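Q: take this sequence and fold it.
(one chain, ligands or ions: 2)
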Amino acid sequence: MHLQPVRLFRGYIVNPAAEDRYALYTDGGLAVDANGIILDVGAYHEMRRQHPGAAIIDCSDRLILPGFIDTHTHLPQFGAVALYGKELPEWLNEHIFPAERQFTPEAADTQCPIFFHSLLAFGVTTAAIYCAVRKDSTHVAFQWAERTGIRAIIGKVMMDRNAPDFLLENTSDSLRAGEELCREWHGAANGRLLYAFTPRFAPTCSRALMKGVSDLAGRYGAYIQTHLAENRAEIQWVRDLFPEMRSYTEVYFGVGLLGPKTLLAHAIHVGADERRLLAETQSCLSHCPTSNLFLKSGLMPLRELMNSRLRIGLGSDVGGGPTLSPFEVMRSAIYTHTARRMLHDVDGGDISPATALYLATLGGAAALGLDNKIGSLVRGKEADFVVVNPRRLSPLPTDKWMDLSSDTLLSRMIFLGDDRVVEQTYVRGALCHDRHSNENIGRQR
Ligand code: GUN
Ligand code: ZN
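A: Ligands and ions are numbered 1, 2, ... in the order given. Prediction:
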């Protein structure tokens, strides 16, 4: 095989470093080796000196940022997005369970390439994904993730009670199917594909199923992903089903589901004791602000949860959220926080564009326990990054974007960005999306 030489990408590099801090190289260089590992990041002329044999890829009128990370989305719901009106329980029954019923392997074979290409077109390089209950369709999803080059954590949904018959499984069959998928796919494609045991949420899972998931995930070092405290009626349902437990979070704790490889979506209505339990178990959260507004679920207390030292990423929650756009999710996180402050007089300052970018990149990587590999452009990490065209972010074509401050550029990108600004998406150094050659594939806004 012919190995590519070192490539040196030249551009305006914006590199999240912490919740409220990013590094900037206005004329930067990102050196990537033949295996897609970052060799170096810094000022372009310095990088050029350090890597004299590198092939230069000139993006000098473009922004280079780490790829976006979607920590919560549902592949089979992609065709059922933007159906507004109902809250969670009715929406699941009316729109989502029928859509998931139709997620046969044949349907998956059609939908998966569109879904993955749409993510890549939005600059999403990593996604944590729920499939439907069928093992064979989940297998197809992994095959397409492998083929398209995206980094993904995928699991088949598990449900053994309180769901329509056509989606219900027997407890031991569900655990066996999950285990088989995990054995085949966890760590596949040289670690780019990972498995997440995916018990849908407490109302549709027996204690035996959730305990079985806890055992299996521990045995294989795999993830667990589920939903927590999203909707008031859902929480009452959990209270009725588990009357002896003090809270929804305690239900998961009691069956061993909480821990550093557990990703809980929403966590809108969680009390102080629940926050403490989440922090003590080092569980991670996915904040899904577009979905929380769309399904009228509530305003997540992002600032308080961040201050509880919880690791938090952002999630599109398609189809609860109407779009895969990380730009839409980032700005909705900011708007939601602003609305909460206006309503409740919450302390703790704004969520800035820099913080929103952090949550969509390095924060998401930390929530997935992958911040040693991805989330920022640092020597030794894998080269997951996007090339963004800032010209498309200026309202006036006469603007000289190079004269704008980096804070202005970030703000513009978050509040005006969509898939048209993302020109290329690279995962582990491999070009997975090029806007100019992929114009017609899987477009979704
Ligand atoms: N809770 C249980 N299932 C789902 C789902 O598919 N979407 C959302 N948003 N919440 C859920
Ligand atoms: Zn969800």
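
Q: any idea which helix or strand carries the residue positioned nearest the centre of the chain?
A: Centroid-nearest residue in the chain: residue 70, 1.4 Å away (criterion: Cα atoms, centre = their mean). Assigned by DSSP states H and E, residue 70 belongs to strand 68-74.

Q: show me what the residue nearest to the centre of the chain bridges to in the sheet.
A: residue 127 (DSSP bridges).

Q: that one against residue 316, yeah?
A: Yes - contact criterion Cβ atoms under 8 Å: residue 70 and residue 316 qualify, at 5.2 Å. To be clear about C-beta, it is placed using only N, CA and C from the backbone, and glycine gets the same treatment.

Q: what is the burial count for residue 160?
A: By other Cβ atoms under 10 Å, the residues close to residue 160 number 23.

Q: next up, the contacts around it.
A: 168-171, 174, 204-206, 208-209 (Cβ atoms under 8 Å, 6 or more residues apart in numbering).

Q: make it 6 Å
A: 169, 171, 174, 206, 209 (Cβ atoms under 6 Å, 6 or more residues apart in numbering).

Q: where does pLDDT dip in this structure?
A: Scanning the chain with the threshold set as pLDDT under 70 gives 1-4, 345, 348, 438-445.

Q: that one against ligand 2: which residues are in contact?
A: Contact residues, the chain versus ligand 2 (Cβ under 5 Å from the ion): 265, 317.

Q: try it again at 8 Å.
A: 72-74, 130, 227, 230, 265-266, 288, 291, 315, 317, 320 (Cβ under 8 Å from the ion).

Q: show only the entries of these found in strands.
A: Those of the residues of the chain next to ligand 2 mapping onto strands are 72-74, 130, 227, 265-266, per DSSP state E.

Q: can you tell me which of those is nearest residue 421?
A: Nearest to residue 421 among those: residue 73, at 20.5 Å, using Cβ to Cβ.

Q: any idea how far the residue nearest to the centre of the chain lies from residue 98?
A: Remark: distance between residue 70 and residue 98 (Cβ to Cβ, to the nearest Å) = 24 Å.

Q: tell me if I am right that residue 5 is in a helix.
A: No - using DSSP: H, G, I helix; E, B strand; the rest coil, the assignment for residue 5 is coil, not a helix.

Q: can you tell me, leaving aside adjacent residues, what's nearest to it?
A: Leaving aside its sequence neighbours, residue 5 sits nearest to residue 55 (Cβ to Cβ, 6 or more residues apart in numbering; 5.5 Å).

Q: can you map out the helices along the stretch 101-250 of the chain?
A: With DSSP state H, counting those that start in this stretch, the ranges of helices along the stretch 101-250 of the chain come out as 105-121, 135-148, 171-185, 188-191, 207-220, 232-241, 248-254.

Q: out of the ones you listed, flag the one nearest residue 426.
A: Nearest of the helices of the stretch 101-250 of the chain (Cβ to Cβ): helix 105-121, 9.6 Å.

Q: take the helices of the stretch 101-250 of the chain and write them to a markdown table, including mean neighbour count and distance to residue 361.
A: Formatted as a markdown table, these follow (neighbours: other Cβ atoms under 10 Å; distance: least, Cβ to Cβ, whole Å):
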| stretch | mean neighbour count | distance to residue 361 |
| --- | --- | --- |
| helix 105-121 | 21 | 15 |
| helix 135-148 | 20 | 20 |
| helix 171-185 | 19 | 25 |
| helix 188-191 | 14 | 19 |
| helix 207-220 | 18 | 26 |
| helix 232-241 | 16 | 30 |
| helix 248-254 | 23 | 27 |
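
Q: residue 413 belongs to a strand?
A: No - read with three-state DSSP, residue 413 is helix and lies in no strand.

Q: contacting residues for it?
A: residue 393.

Q: how far away is it from residue 353?
A: Distance from residue 413 to residue 353, counting by Cβ to Cβ: 8 Å.

Q: over to residue 293?
A: 19 Å.

Q: of those two, who's got more company?
A: residue 353 (21 against 18).

Q: pretty sure that one sits against residue 410.
A: Yes - between residue 353 and residue 410 there is a contact under Cβ atoms under 6 Å: 4.4 Å.

Q: quick check: neighbours shared by the two?
A: By Cβ under 6 Å, 6+ apart, no residue touches both residue 353 and residue 410.

Q: give the contact list for the spatially closest residue to residue 66 that is not a sequence neighbour.
A: Counting by Cβ to Cβ, 6+ apart, residue 66 lies nearest to residue 361, which is 4.5 Å off, once chain neighbours are set aside. For residue 361, the contact set (Cβ under 6 Å, 6+ apart) comprises 16, 66, 375.

Q: in the stretch 301-445 of the chain, which residue sits closest to ligand 1?
A: With Cβ to the nearest ligand atom, the shortest gap between the stretch 301-445 of the chain and ligand 1 falls at residue 320, namely 3.2 Å.

Q: residue 314 is in contact with the residue nearest to the centre of the chain, correct?
A: No - using Cβ under 6 Å, residue 70 is not in contact with residue 314; the gap is 7.2 Å.

Q: residues of this structure that sit close to ligand 1?
A: Within reach of ligand 1 by Cβ under 6 Å from any ligand atom, the chain has these residues: 74, 88, 92, 96, 200-201, 227, 230, 291, 317, 320.

Q: would you convert those into CSV that also reports neighbour count?
A: Formatted as CSV, those follow (neighbours: other Cβ atoms under 10 Å):
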residue, neighbour count
74, 28
88, 22
92, 24
96, 20
200, 23
201, 25
227, 26
230, 27
291, 27
317, 31
320, 29
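
Q: ok, so of those residues, who is nearest residue 432?
A: Using Cβ to Cβ, the residues of the chain next to ligand 1 come closest to residue 432 at residue 74, 21.2 Å.

Q: surely the closest one and residue 130 touch.
A: Yes - between residue 74 and residue 130 there is a contact at 4.5 Å, judged by Cβ under 6 Å.

Q: count residues in the vicinity of residue 84, would you?
A: Counted with other Cβ under 10 Å, residues neighbouring residue 84 total 9.

Q: please apply the same query to residue 301.
A: 22.

Q: contact partners for the nearest residue to residue 192 once chain neighbours are set aside?
A: Sequence neighbours aside, residue 151 is the residue nearest to residue 192 in space, at 5.0 Å (criterion: Cβ to Cβ, 6+ apart). Going by Cβ under 6 Å, 6+ apart, residue 151 touches 125-126, 192, 427.

Q: which pair in the residues you listed spans the largest distance?
A: Top of the distance list for the contacts of residue 151 (Cβ to Cβ): 125 and 192, 10.1 Å.
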